[in-house]
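Asker: Fold the following, please.
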Amino acid sequence: MVLIIIIVVVVLIAILLWASFNGLVKKRNRTQEAWSQIDVELKRRHDLIPNLVSTVQGYATHEQGTFEAVTKARADAVSAGSTGDPDKIGQAETALSGSLRSLFAVAENYPQLRAVESFVQLQETLTATEDKIEFARRYYNGSARDYDTALQTFPRNIIAGMFHFTAVAYFEADAADRAVPNVTFPGSASAGTTPSGPPPATDSSGPPPAH
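Answerer: Residues are numbered from 1 along each chain as shown. Predicted coordinates:
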């Protein structure tokens with residue numbers, strides 16, 4: 001009888017450990033998946049910027065300092081993206097957003113851009129991309145929160161230590177800094193809108209944790 005009880009206890013512990021391990025794997029995979037969505041949208045954002053700079057540059061030839069600042073900020077953001085570190089990427093993307101605000105401030109001084117279809121399309125595409133980034137950011141942060149919380153609860157914390165599961169960082173780029181500024185020309189409505197991301201997701205995915 002005692003032997004049967006011991007066997008039952010061992011089996012229950014094994015099932016608990018198995019379920020805990022699988023649960024951590026699922027949460028980690030969701031976090032990784034969510035991070036990949038952010039990465040895709042950030043790359044799309046980076047790809048739009050050279051054309052945007054080139055378009056504005058054709059009308060604002062004397063604003064070279066602004067163009068160089070945007071180009072450098074983009075290069076820094078691309079470089080930070082290669083690290084996979086949400087903290088570094090968030091800082092670089094916030095700096096890039098600041099330089100883009102300067103670029104759009106320059107554009108406001110050139111009403112001729114209102115008639116340039118490529119500029120309007122680029123701004124609209126960038127606005128849509130910012131919306132997607134904000135959604136992906138909330139989705140990722142929700143997943144990262146769930147995953148990190150799971151790592152701290154018993155018995156998952158034991159499994160996490162045994163199999164080298166590690167916590168992931170949040171992607172904390174300032175949502176306000178990510179907004180695409182409205183370009184308002186005299187006598188006209190603004191050529192763009194600011195993004196308004198959807199409500200926070202409670203489930204998702206992110207960058208692979210270090211092993």
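
Asker: now for whichever helix or strand Ile5 is part of, which elements pack on it?
Answerer: Secondary structure assignment for Ile5, by DSSP states H and E: helix 2-57. Judged by 3 or more C-beta pairs under 8 Å, 6 or more residues apart in numbering; DSSP states H and E, helix 2-57 is in contact with helix 64-81, helix 86-107, helix 117-152, helix 156-162. C-beta here means a position set from N, CA and C on the backbone, and glycine is covered the same way.

Asker: Among those helices, which comes closest to Met1?
Answerer: Among the helices and strands packed on helix 2-57, the nearest to Met1 by C-beta to C-beta is helix 156-162 (29.3 Å).

Asker: So for that closest one, what gets flagged as buried?
Answerer: Arg156, Ile159, Ala160 (16 or more other C-beta atoms under 10 Å).

Asker: could I get those as TSV with pLDDT?
Answerer: As requested, the buried residues of helix 156-162 are arranged in TSV below (pLDDT from 0 to 100):
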residue	pLDDT
Arg156	90
Ile159	89
Ala160	90
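
Asker: Now stretch 20-31: buried residues?
Answerer: Ser20, Phe21, Leu24, Lys27, Arg28, Arg30, Thr31.

Asker: Tabulate the CA atom coordinates of that stretch in PDB.
Answerer: Output in PDB follows, covering the C-alpha atoms of stretch 20-31 (Å, rounded to 0.1, in the frame of the first residue of the first chain):
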ATOM      1  CA  SER A  20       4.900  23.300 -16.000                       C
ATOM      2  CA  PHE A  21       7.700  22.800 -18.500                       C
ATOM      3  CA  ASN A  22       5.300  22.700 -21.400                       C
ATOM      4  CA  GLY A  23       3.500  25.800 -20.100                       C
ATOM      5  CA  LEU A  24       6.800  27.700 -20.000                       C
ATOM      6  CA  VAL A  25       7.700  26.600 -23.500                       C
ATOM      7  CA  LYS A  26       4.300  27.800 -24.900                       C
ATOM      8  CA  LYS A  27       4.600  31.200 -23.200                       C
ATOM      9  CA  ARG A  28       8.200  31.600 -24.400                       C
ATOM     10  CA  ASN A  29       7.200  30.700 -27.900                       C
ATOM     11  CA  ARG A  30       4.400  33.200 -27.800                       C
ATOM     12  CA  THR A  31       6.800  35.900 -26.700                       C
END
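
Asker: gap between it and the chain center?
Answerer: 20 Å (C-alpha atoms, centre = their mean, to the nearest Å).

Asker: same question, stretch 159-173
Answerer: 17 Å.

Asker: Need the contact partners of it.
Answerer: 17, 20-21, 24, 28, 31, 35, 38, 85-87, 89-91, 93-94, 97, 137, 140-141, 144-145, 147-148, 151, 206-207, 209-211 (C-beta atoms under 8 Å, 6 or more residues apart in numbering).
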